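Student: Predicted coordinates and the sequence they were generated for:
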Amino acid sequence: MTSEQSQAHLRMPAGLFAELAAGGGSAQALAFLERGERTRRLLLLRTLLDRFATLPTPLTPPARAWQVVKEAAERAPEPVDRLLLAPATGGWLAHMLRRLHGTATGPDLWAEAGHLCALAVSASLLAGTTAELRVPLTDGCLALPGLGLARLPAARPGLTPGHARTHAGALTLTGPDTTGTIQTSLTLRPTTVGLTTGRAGSESSAAGGVPAGRLPTGCGGGADAEAGGVGEGCACPDGACPDGKASDGAGWLPLRTLTARTCAGPVAVPLDDLDPYRDLDDPLPPARLEDAEAWAWQRVFEEAVALLDVPGGPGPGRIEPALIRAVVPYGRTAATPPAPPTVPVSASSGDSFGGMVISRPSSPLALAETLVHEFQHSKLAALLHLFPLLDDDREERYYAPWRADPRHLTGLLHGAYAFTGVAGFWRDRLAATGDEAEAETAGYHFALRRLQCRLVVRTLLTSGRLTPQGRALVAGLAATLDGWLREPVPPTALARARTAARLHRTEWRLRNVAASSSLHSPLRFRPDRAFWPDRRTHAFADAPAAPRTPDEHLAAGDAAAALAGYTEQLADRPTDPHTLAGWIVAHATLEPIRATRRLLTRPEQLQPQPSR
């Protein structure tokens, strides 16, 4: 955290860039990316401190709060540094800059700027230093980055200034009560809680630099009570802790961590449902997971990590789980209704390296794939912070095989990089399994994603918009994919993958592209285009044993039966893009002649166009 460190020049060795360009990345390459993210955050923070200098505030001035952080870093540089690299810290920095530029909204500006005071409190607690700061309270609560949420009893609602004192790892928090005339306070020693099923080991530390503490069998450590404080808490399901403790104390909600054991050692990743800047946009209130849901996350995470813990080098599709800095649960806080097998929502932000917002699936395989996918986005975003990779006019006109809508070049590059990692993930699954059914599924996904990514890479290479570094990166992806395209895949899985790829592109054009009078006319988009669900990509992963619908017949390799079924459906719905796409692909499969190939290339020529 010294000025010399923050001003050090960054020059990536060519070998590390080549590793990342191929879609993978060694520990050294990823450490370099983190170093770049650290430098960027310090520069952004410097900008914010300059802008905050004249901001009226009832809290400790930002410059003084930053001084507390630096004093903590002198005593405990590693945990404080990782706190600054936490995804939520990056989210707060980016959000504040957008607020200052008038492109984001939030609570009172002094309160959002005062999040730096909360960050300073966490840093001081981690380092064991002594500090006093005036901090922002929301309904009597103070979110401590990387630690949890402190809650004053009988506190005044709304935004109010509070007082935080730290000493030797203990926190005393004071703020106005409900009347606003007297002070209410609590004293505690904040710690995180490590979830464990007993298979992950008994001790871990949270990614992001926050110690999770010692984890007794079946229980996670909580908060130590002092005068006016709360008792210890744990994360045992349904209150069934062997020590009979409550899950969350009245004054302290600990940050939970997902734990697992790998060949490289124990792993603990924050399961962040508390930090106001854990999301990808505006600040959010806490959304505490019920115990059963937190434990469901632990079980599926532990099994997902086991899938990712594969031998071999750091190739595309492989990830060291300890590099994940936070998982933010999306959309559900309870274990009911049951989670779906796939991941309906996942997202990440270039501002929050190593963080990912995910809706929990019931399938560890789906979670493992998603962790790979989102970390690929983090890697590329970090590269984009270091190098200008493309000159993007941001016009959304390109086909992305994993999207319902046209994309701009940056989105296309992100998709190609992420799904190259996904293809590598399924390649590893294909190599590792001896089960025929599992090989069919893994082979399908590997074949589909390598084919789709190579198509997008070709679009990028021929766009004329890549910088020299961007061309080197995309050429690295192309080399990886070209090698993979020569690798054997179960023939029936390969056939389904090719069919699914054709179906998606055909339906995308039918729904998005307007017919033109000439093959050489520029691409025009339909004025009525809208989101549409992709119901085929996952449905084609397994061949149906007893096909009934036209889609199922096509997935089973019976194009004639599929064509007959589509023809019958078109009699009732002649303009339905989903059915028409199936008819075109089935027809081209049965008659692979020039006319049908032309129809696959420009299927919109068959689709009636809406009047303007």
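Tutor: Yep, it's here.

Student: low pLDDT regions in the chain?
Tutor: Judged by pLDDT under 70, the chain has its weakly predicted residues at 1-8, 198-249, 519, 607-612.

Student: Which residue is most remote from the mean position of it?
Tutor: Most distant residue from the mean C-alpha position of the chain: residue 181, 44.2 Å away (C-alpha atoms, centre = their mean).

Student: Surely that one is within a helix?
Tutor: No - counting by DSSP: H, G, I helix; E, B strand; the rest coil, residue 181 is located in no helix; its state is coil.

Student: tell me the secondary structure for the residue nearest to residue 490 when sequence neighbours are not counted?
Tutor: If you skip the residues right next to it in sequence, residue 490 has residue 443 as its closest partner in space, 4.5 Å away by C-beta to C-beta, 6 or more residues apart in numbering. For glycine as for every other residue, the C-beta is placed from the backbone atoms N, C-alpha and C. Three-state assignment for residue 443 (three-state DSSP): helix.

Student: Surely residue 443 and residue 491 touch.
Tutor: No - under the contact definition of C-beta atoms under 8 Å, residue 443 does not touch residue 491, with a separation of 9.1 Å.

Student: So for these two, which residue has more residues nearby?
Tutor: residue 443 (26 against 10; other C-beta atoms under 10 Å).

Student: From residue 371, how far off is that one?
Tutor: Residue 443 is 21 Å from residue 371, where distance means C-beta to C-beta, to the nearest Å.

Student: One more: residue 181?
Tutor: Using C-beta to C-beta, one gets 50 Å for the distance from residue 181 to residue 371.

Student: what's the answer for residue 381, then?
Tutor: Where residue 371 is concerned, residue 381 sits at a distance of 16 Å (C-beta to C-beta).

Student: Please say which of the two ends up with more neighbours.
Tutor: For the pair residue 381 and residue 371, the greater number of neighbours falls to residue 371 (27 against 19), based on other C-beta under 10 Å.

Student: Now do the same contact list for that one.
Tutor: Remark: with contacts taken as C-beta atoms under 8 Å, 6 or more residues apart in numbering, residue 371 is in contact with 304, 308, 319, 321, 324, 356.

Student: Next up, identify which helix or strand it is on.
Tutor: helix 364-386 (DSSP states H and E).

Student: any idea how far that helix is from the chain center?
Tutor: Mean-position distance between helix 364-386 and its chain equals 7 Å (C-alpha atoms, centre = their mean, to the nearest Å).

Student: Which ones among the contacts of residue 371 lie within helices?
Tutor: In this view, the contacts of residue 371 that belong to helices under DSSP state H are 304, 308.

Student: helix, strand or coil for the residue nearest to residue 512 when sequence neighbours are not counted?
Tutor: Computed as C-beta to C-beta, 6+ apart, the closest residue to residue 512 that is not its neighbour in sequence is residue 529, at 4.8 Å. Residue 529 carries the three-state label coil when classified by three-state DSSP.

Student: what distance separates the start and the end of stretch 76-94?
Tutor: End-to-end span of stretch 76-94 (C-alpha to C-alpha, to the nearest Å): 26 Å.

Student: If you could redo that for stretch 517-524, that was the one I meant.
Tutor: The first and last residues of stretch 517-524 sit 11 Å apart, counting by C-alpha to C-alpha.

Student: now do stretch 510-522
Tutor: Between the start and the finish of stretch 510-522 there is a gap of 16 Å, counting by C-alpha to C-alpha.

Student: So what's the gap between that stretch and the chain middle?
Tutor: Taking C-alpha atoms, centre = their mean, one finds the center of stretch 510-522 at 35 Å from the center of the full chain.

Student: Can you pull out the residues in contact with stretch 274-288?
Tutor: Stretch 274-288 is contacted from outside by 87-89, 91-92, 95, 104-107, 112, 115, 138, 141, 143, 145, 148-149, 248, 253, 255, 272-273, 326, 328-329, 333, 347-349, 351-352, 355, 357, using C-beta under 8 Å, 6+ apart.

Student: May I have it exported as CSV, CA atoms only?
Tutor: Written as CSV, here are the backbone C-alpha positions of stretch 274-288 (Å, rounded to 0.1, in the frame of the first residue of the first chain):
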residue,chain,number,x,y,z
LEU,A,274,-25.0,-8.5,3.4
ASP,A,275,-22.6,-5.9,1.8
PRO,A,276,-24.6,-3.0,0.2
TYR,A,277,-22.2,-3.0,-2.8
ARG,A,278,-22.3,-6.8,-3.5
ASP,A,279,-24.5,-6.4,-6.6
LEU,A,280,-23.5,-5.0,-10.0
ASP,A,281,-25.4,-1.8,-9.9
ASP,A,282,-27.0,0.4,-7.1
PRO,A,283,-26.6,-0.5,-3.4
LEU,A,284,-28.8,-3.2,-2.0
PRO,A,285,-30.2,-3.8,1.5
PRO,A,286,-29.1,-7.0,3.3
ALA,A,287,-31.0,-10.2,2.1
ARG,A,288,-30.0,-12.7,4.7
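
Student: May I see the buried residues of it?
Tutor: The neighbour-count criterion (16 or more other C-beta atoms under 10 Å) identifies 274, 275, 276, 277, 278, 279, 280, 283, 286, 288 as the buried residues of stretch 274-288.

Student: quick revisit: can you flag the buried ones in the contacts of stretch 274-288?
Tutor: Of the members of the contacts of stretch 274-288, the ones counted as buried by neighbours, 16+ other C-beta under 10 Å, are 87-89, 91-92, 95, 104, 112, 115, 138, 141, 143, 145, 148-149, 248, 253, 255, 272-273, 326, 328-329, 347-349, 351-352, 355, 357.

Student: Next, give phi and psi for residue 153.
Tutor: Summarising the backbone geometry of residue 153 under the convention degrees, to the nearest 10, its torsions are phi -70, psi 140.

Student: what's the offset of whichever strand or helix holds residue 176 from the middle of its chain?
Tutor: Secondary structure assigned from DSSP H and E places residue 176 in strand 170-176. Its chain's C-alpha centre and that of strand 170-176 lie 34 Å apart, by C-alpha atoms, centre = their mean.
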